[in-house]
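Chemist: no sequence on this one, just coordinates:
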Ligand code: EZ4
Ligand code: CO
C-alpha cells in the first residue's frame, strides 16, 4: 500500500480538536488525534509543514520504521508538539492497517486480553456537599470508579472545578490564559475531610481517585498520601511535577497510597526511572501525547515487568479518536489498569462517530475494522477553531506556580 495524501483539520465542537486524516492510493484512510490543548496550531503546522511531506509514498504498514524516521529523523527529539504530531500519524497508520486487513486494531496488538475495561469519570463540586451529590449521580449512571475534586474554602478557583456547570473544564477563550490563586496549606488541610465524607456516605466498595495536578513537593505529597490512607484510594494522581523522577522515591518511602503520573509525558525516557524503581503504580501516558500506539506498546511492556499498570489520560480535550486508540491498546495489553473518561461536549457526536460501547462503568471495544471511529469533514466546518488556553496558577503572594 502507499500513502497518497494527508490533511489536518482543526475544529471546535465545544472545544478544539486537531484531527489528522491520512489517505492511501488504495482508497483506505486512517484517522489520528493530534490535539494539544492550548497549542493546537503548533501541532498542525508541525504536521503540515514538516511531517506529512516525509510520509507521502510510504507503505502505511511500516509503522515501526516510519515512527523511528519521524522521531530520530528530527534530530530534536521529543516534546509535546512533536510527539502529538508523530502520535497522530502512528495512530492513523494503525487505523489504516486494521481497515486494510479487515480487523479491529486490538487484534494486531496482541488480541483480546479482556472483554471489558473499567473507566472512571470526574465528580467535582464547589464544596463537599455538592461533590457528594455529583458522586451520587455518577454512581447512579453505573460507574464503579470516580475521581473526586472539590472547591476549597478560601480559594476562588480550583483545578477541576468548572466555572460553568459543564462536566468538562473549558479552557478560557481569549488571547491569554486566565490566572488563578493557589494555597497548598489550605488544600492539604481540606482534602482528607472531603474523602472522609465520601467514604462515610458511599462505603468501601466505590473506587476513589484524586488528582493533585502537579501542585505538591515530594514531602507534601507524602503528607497527603498518609492522610488519605484510611480512605484507601485507587490512586493519587500527579502529586509532584515529574521532571525530577527521583522525587517519587520520597513519596514512596512514606505512604502506601497508590501513585499515578504521566498525562503530560511524551517519551518513555520520562518514566523509565519511575517504572523500573517501582516508584509508581499507574502510568498515565495516553496514545496521542505518548507518540502513538507503537511507543505506547513498548511502555506497557516495560511497565508490565515492574508491576505498573496503565491508566490512560482520557480528557474531553482529546478527541474520540484518541479514546478509541486507548481502548484498542487497553484491550490488547496484559497490564491495563483503568481508563479515564471525562465525556465530551454534546456537539462532538455531530462530528465524530464511534462504535466502542460504554455501559455500567465499563468500556467494550467494537469488532469493526481499524479503530472504529469516523470524522465528518463537512460537519467539522460548522465548528471553527476558537483560540483557548488552560489557566496559569500563582501562589497567594504572586509567585508563578504549576496549574
Ligand atoms: O487538566 O487534560 O486527569 N486529567 C487531567 C485533565 C487535564 C487536561 C489538560 O488539558 O488532569 O483534566
Ligand atoms: Co490529571
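Modeler: Looks like it arrived, so ask away. Small disclaimer: the values here were computed from a predicted structure and weren't measured. Numbers count the residues shown, from 1 in each chain. Ligands and ions are numbered 1, 2, ... in the order given.

Chemist: close to ligand 2, is stretch 333-340?
Modeler: No - judged by Cβ under 5 Å from the ion, stretch 333-340 and ligand 2 are separated, with a smallest distance of 7.8 Å. From N, CA and C alone the C-beta is placed, and that goes for glycine too.

Chemist: Can you show me the helices along this structure?
Modeler: Here the chain has its helices, by DSSP state H, at 40-45, 52-55, 63-72, 80-101, 106-109, 128-140, 184-202, 218-228, 247-254, 272-276, 293-305, 320-332, 348-351, 377-380.

Chemist: And the second one, what does it pack against?
Modeler: Read that as helix 52-55. Contacts defined by 3 or more Cβ pairs under 8 Å, 6 or more residues apart in numbering; DSSP states H and E place helix 52-55 against strand 3-11, helix 63-72.

Chemist: what angle separates the longest one from helix 80-101?
Modeler: Using axes from the mean of the first three to the mean of the last three Cα atoms, to 10 degrees, the inter-axis angle of helix 63-72 relative to helix 80-101 is 170 degrees.

Chemist: List the buried residues in helix 63-72.
Modeler: Going by neighbour count (16 or more other Cβ atoms under 10 Å), the buried part of helix 63-72 is 63, 66, 67, 69, 70, 71.

Chemist: tell me the mean pLDDT for that helix?
Modeler: What helix 63-72 shows for mean pLDDT is 98.

Chemist: Count the residues that sit near the nearest residue to residue 119 once chain neighbours are set aside.
Modeler: Of all residues not flanking residue 119 in the chain, residue 341 sits nearest, at 4.2 Å (Cβ to Cβ, 6 or more residues apart in numbering). Number of residues near residue 341 (other Cβ atoms under 10 Å) recorded here: 24.

Chemist: what sits against residue 341?
Modeler: Residue 341 is in contact with 119, 120, 121, 314, 323, 358, 363, counting by Cβ atoms under 8 Å, 6 or more residues apart in numbering.

Chemist: So which of those belong to strands?
Modeler: 119, 120, 121, 358, 363 (DSSP state E).

Chemist: possible to save the residues you listed as TSV with pLDDT?
Modeler: TSV is the format used below for the ones in strands among the contacts of residue 341 (pLDDT from 0 to 100):
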residue	pLDDT
119	98
120	98
121	98
358	97
363	98
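
Chemist: Dump the residues you listed to a markdown table, plus distance to ligand 1 and neighbour count.
Modeler: As requested, the ones in strands among the contacts of residue 341 are exported to a markdown table (distance: Cβ to the nearest ligand atom, whole Å; neighbours: other Cβ atoms under 10 Å):
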| residue | distance to ligand 1 | neighbour count |
| --- | --- | --- |
| 119 | 13 | 22 |
| 120 | 10 | 25 |
| 121 | 11 | 19 |
| 358 | 18 | 20 |
| 363 | 17 | 21 |
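
Chemist: will you turn those into JSON lines that also has distance to ligand 2?
Modeler: Shown next, in JSON lines, are the ones in strands among the contacts of residue 341 (distance: Cβ to the ion, whole Å):
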{"residue": "119", "distance to ligand 2": "15"}
{"residue": "120", "distance to ligand 2": "11"}
{"residue": "121", "distance to ligand 2": "13"}
{"residue": "358", "distance to ligand 2": "20"}
{"residue": "363", "distance to ligand 2": "19"}
